[in-house]
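Chemist: Provided below are the primary sequence and the corresponding predicted coordinates.
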Amino acid sequence: MRGTVTGLALLVRLSALTLGAAFGSLLIGIFLDRTLGIAPFGTLCLMVFGILVGTISTYRTVQQANDAITDDDDRKDSTGGI
């Protein structure tokens, strides 16, 4: 049961990182376009930036989760636990 909850928590975290970066940059880009009158360049630039940031943060989160799982498995093997 604990593995299922941990997996779901990771899924929610990854979704929030990806969608938050993409939609946050989209909203800021639209605001800057309307405020500064530079449409569509602000939205396009910030969307590319947001997608890159979301992808990098998702990769790092998956890497940390993988390292934690690997470390947990190594500890169980070395102590003889289940």
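Modeler: Right, received. Where do you want to start?

Chemist: from now on I want contacts and neighbour counts done on CA atoms only, so please keep to that.
Modeler: Will do.

Chemist: report the buried residues of whichever strand or helix holds Val53.
Modeler: Using DSSP states H and E, Val53 sits in helix 41-79. Neighbour-count burial for helix 41-79, counted by 16 or more other C-alpha atoms under 10 Å, picks out 42-44, 46-47, 49-51, 53-55, 57-58, 61.

Chemist: packing partners of that helix?
Modeler: Using 3 or more C-alpha pairs under 8 Å, 6 or more residues apart in numbering; DSSP states H and E, the elements in contact with helix 41-79 are helix 2-36.

Chemist: so which bits of the helix it packs on are buried?
Modeler: The neighbour-count criterion (16+ other C-alpha under 10 Å) identifies Leu14, Leu17, Thr18, Ala21, Ala22, Ser25, Leu26, Gly29, Ile30, Leu32, Asp33 as the buried residues of helix 2-36.

Chemist: in TSV: those, plus pLDDT and distance to Gly7.
Modeler: As requested, the buried residues of helix 2-36 are exported to TSV (pLDDT from 0 to 100; distance: C-alpha to C-alpha, whole Å):
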residue	pLDDT	distance to Gly7
Leu14	95	11
Leu17	94	15
Thr18	93	17
Ala21	95	21
Ala22	93	23
Ser25	96	27
Leu26	95	28
Gly29	96	33
Ile30	96	34
Leu32	96	37
Asp33	96	39
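
Chemist: tabulate the buried residues of helix 41-79 (a markdown table), appending pLDDT and distance to Thr70.
Modeler: Output for these, formatted as a markdown table (pLDDT from 0 to 100; distance: C-alpha to C-alpha, whole Å):
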| residue | pLDDT | distance to Thr70 |
| --- | --- | --- |
| Gly42 | 94 | 42 |
| Thr43 | 96 | 40 |
| Leu44 | 96 | 39 |
| Leu46 | 96 | 36 |
| Met47 | 96 | 34 |
| Phe49 | 96 | 31 |
| Gly50 | 96 | 30 |
| Ile51 | 95 | 28 |
| Val53 | 96 | 26 |
| Gly54 | 95 | 24 |
| Thr55 | 95 | 22 |
| Ser57 | 96 | 20 |
| Thr58 | 95 | 18 |
| Thr61 | 96 | 14 |
